[in-house]
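Engineer: pasting the structure only:
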């Protein structure tokens, strides 16, 4: 059976050579790639790299592969002073690892379709700079799969204990995308629709002969049902702690040398991050975004106008969430796959986190109102950690509280209502 590639619409990308990806992302090396790079005549091209070690063990112990080595400052050893790739500059694009050549794209096989994900942490993607990616994807597909037709016979999960094949996952996601595109609803209600749909449809046997009609009926009735659901306009103590802890971890930067640390030092570093996150939970002092302390405090951020989120200025967010769903990135965490329901709960928490971060960025530049550029910058900042940040990084009772707030309450909805002052 021919494979269908779900290519995002109206997404643009051309490399701007900002160098951000070369400083923050681990590049896994495929078979023979280390040898190809090592065999290049570095002594002639860049003498100071003549004795440079090409690879290091993967930062993820679950992945039995090497990655491109990094300098002491955390950047790729082959990143030049002008943010250019020295491999590309001296030996051509074809010499670079496939993972570098594919960025900011990733491909995830589910059933008879392949989801094409795009990283919105990329500056070009988040600001719509460059060519439409529909023209570029075929080249990336050849890099990823060659002449093979990728197939997927694995079982996936809608929630724990509910295995299904990949095509059933696509059926559920079809409804999520349709809700996101329903412009007759405020975007906050589109998110509520997605979460309510998953609550109601991930019960019983999703492959039963009547299951499809059941999902159709629920999807049709949800917009009216939302009018009758009670509105929780403020987070409770547990929800607030979970939201601001997750927000802090999403916006913070691990040290660029984190992957080089011994296990005990990594654990200690994680602990310090969580301790620092308590400032976010208590809304104390001036927050930092990606290592840069803002010029304003939490009180100033709270006063920023967010009418853009209520007045229909959310087409960029519609695109972002649609790409994450069809690209399947929301289901992948550090080499493992989440059940659809858990992945969706974490994905849609990105909406209120984007609202808060956009408010913070607007306040920091002295504006009383969130604008489109703030929304895009907020998504770019948050997307850096999306799919990397894992609940497994949080231990003990704090993790249990996080899981409860994420999966057993309407945290994404309640946080949104509070930030948008929906009563």
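Structural biologist: Sure, I can see it. Everything numeric here is computed off the predicted structure, so don't read it as measured data. Numbering: from 1, shown residues only.
Engineer: Report the spatially closest residue to residue 344, excluding sequence-adjacent ones.
Structural biologist: Spatial nearest neighbour of residue 344, excluding adjacent residues (CB to CB, 6 or more residues apart in numbering): residue 198 at 5.7 Å. Just so you know, the C-beta spots here come from the backbone N, C-alpha and C atoms, and that holds for glycine as well.
Engineer: And for residue 402?
Structural biologist: residue 242 (5.0 Å).
Engineer: Next, count neighbours for that neighbour.
Structural biologist: Residues lying near residue 242 (other CB atoms under 10 Å) number 24.
Engineer: Could you do residue 135 as well?
Structural biologist: Neighbours of residue 135 (other CB under 10 Å): 8.
Engineer: okay, it: pLDDT?
Structural biologist: As predicted, residue 135 sits at a pLDDT of 84.
Engineer: Same question for residue 169.
Structural biologist: pLDDT, residue 169: 93.
Engineer: Could you tell me how far it is located from residue 183?
Structural biologist: Distance from residue 169 to residue 183, counting by CB to CB, to the nearest Å: 25 Å.
Engineer: what do you get for residue 10?
Structural biologist: As defined by CB to CB, residue 10 lies at a distance of 15 Å from residue 183.
Engineer: From the contact counts, what lies against the least confident helix or strand in the chain by mean pLDDT?
Structural biologist: Every helix and strand in the chain was compared by mean pLDDT, DSSP states H and E; the lowest is helix 263-282, with a mean of 77. The helices and strands touching helix 263-282, judged by 3 or more CB pairs under 8 Å, 6 or more residues apart in numbering; DSSP states H and E, are helix 237-251.
Engineer: Residue 88 contacts residue 97, correct?
Structural biologist: No: the pair residue 88 / residue 97 is not scored as a contact, 10.8 Å apart, by CB atoms under 8 Å.
Engineer: more crowded one of the two?
Structural biologist: Legend: neighbour count by other CB under 10 Å for residue 88 and residue 97, higher for residue 97 (21 against 17).
Engineer: and the closest residue to the more buried one other than its chain neighbours, how far is that from residue 45?
Structural biologist: Once flanking residues are discounted, residue 97 sits nearest to residue 33: 4.9 Å by CB to CB, 6+ apart. Distance, residue 33 to residue 45, using CB to CB: 18 Å.
Engineer: Also residue 172?
Structural biologist: Distance, residue 172 to residue 45, by CB to CB: 51 Å.
Engineer: ok, now residue 224?
Structural biologist: Taking CB to CB, one finds residue 224 at 66 Å from residue 45.
Engineer: Burial check on the residue nearest to residue 97, number of neighbours?
Structural biologist: Residue 33: 21 surrounding residues under other CB under 10 Å.
Engineer: list the contacts for the closest residue to residue 201 other than its chain neighbours?
Structural biologist: Of all residues not flanking residue 201 in the chain, residue 215 sits nearest, at 5.2 Å (CB to CB, 6+ apart). Contact analysis of residue 215 by CB atoms under 8 Å, 6 or more residues apart in numbering lists 171-172, 175, 197, 201.
Engineer: now the residues you listed in JSON lines, with secondary structure, neighbour count and distance to residue 141?
Structural biologist: As requested, those are exported to JSON lines (DSSP: H, G, I helix; E, B strand; the rest coil; neighbours: other CB atoms under 10 Å; distance: CB to CB, whole Å):
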{"residue": "171", "secondary structure": "helix", "neighbour count": "16", "distance to residue 141": "24"}
{"residue": "172", "secondary structure": "helix", "neighbour count": "20", "distance to residue 141": "25"}
{"residue": "175", "secondary structure": "helix", "neighbour count": "19", "distance to residue 141": "27"}
{"residue": "197", "secondary structure": "helix", "neighbour count": "21", "distance to residue 141": "31"}
{"residue": "201", "secondary structure": "helix", "neighbour count": "19", "distance to residue 141": "32"}
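Engineer: returning to what we had before: neighbour-wise, which of residue 169 and residue 183 wins?
Structural biologist: Neighbours were counted for residue 169 and for residue 183 using other CB under 10 Å; residue 169 has more, 23 against 12.
Engineer: where does the more buried one fall, phi/psi-wise?
Structural biologist: Note on residue 169: its backbone torsions stand at phi -60, psi -40 [degrees, to the nearest 10].
Engineer: Next secondary structure after the helix or strand containing residue 143?
Structural biologist: Here residue 143, judged by DSSP states H and E, is contained in helix 137-145. Sequence-wise, the next helix or strand downstream of helix 137-145 (DSSP H and E) is strand 155-157.
Engineer: Could you measure from the residue in the chain sticking out farthest from the centre over to residue 84?
Structural biologist: The outermost residue of the chain, judged against the average C-alpha position, is residue 44 (40.1 Å), by CA atoms, centre = their mean. The spacing between residue 44 and residue 84, counted by CB to CB, is 18 Å.
Engineer: Check residue 115 too.
Structural biologist: Separation of residue 115 from residue 84 (CB to CB) stands at 31 Å.
Engineer: Which one of the two is surrounded by more residues?
Structural biologist: residue 115 (27 against 15).
Engineer: So for the strand or helix carrying residue 224, what gets flagged as buried?
Structural biologist: Residue 224 belongs to helix 211-228 when assigned by DSSP H and E. Within helix 211-228, the residues that qualify as buried are 215, 218-219, 222-223, 226, counting by 16 or more other CB atoms under 10 Å.
Engineer: before we move on, the earlier item: what's next to the helix holding residue 143, contact-wise?
Structural biologist: 5, 7, 98, 101-102, 105, 107, 114, 116.
Engineer: If we only consider those, which is nearest to residue 376?
Structural biologist: Closest approach between the contacts of helix 137-145 and residue 376, by CB to CB: residue 105, at 19.2 Å.
Engineer: Which strand residues bridge the closest one?
Structural biologist: residue 118 (DSSP bridges).
Engineer: Report how many residues lie close to it.
Structural biologist: Residue crowding around residue 105 was assessed by other CB under 10 Å; the count is 25.
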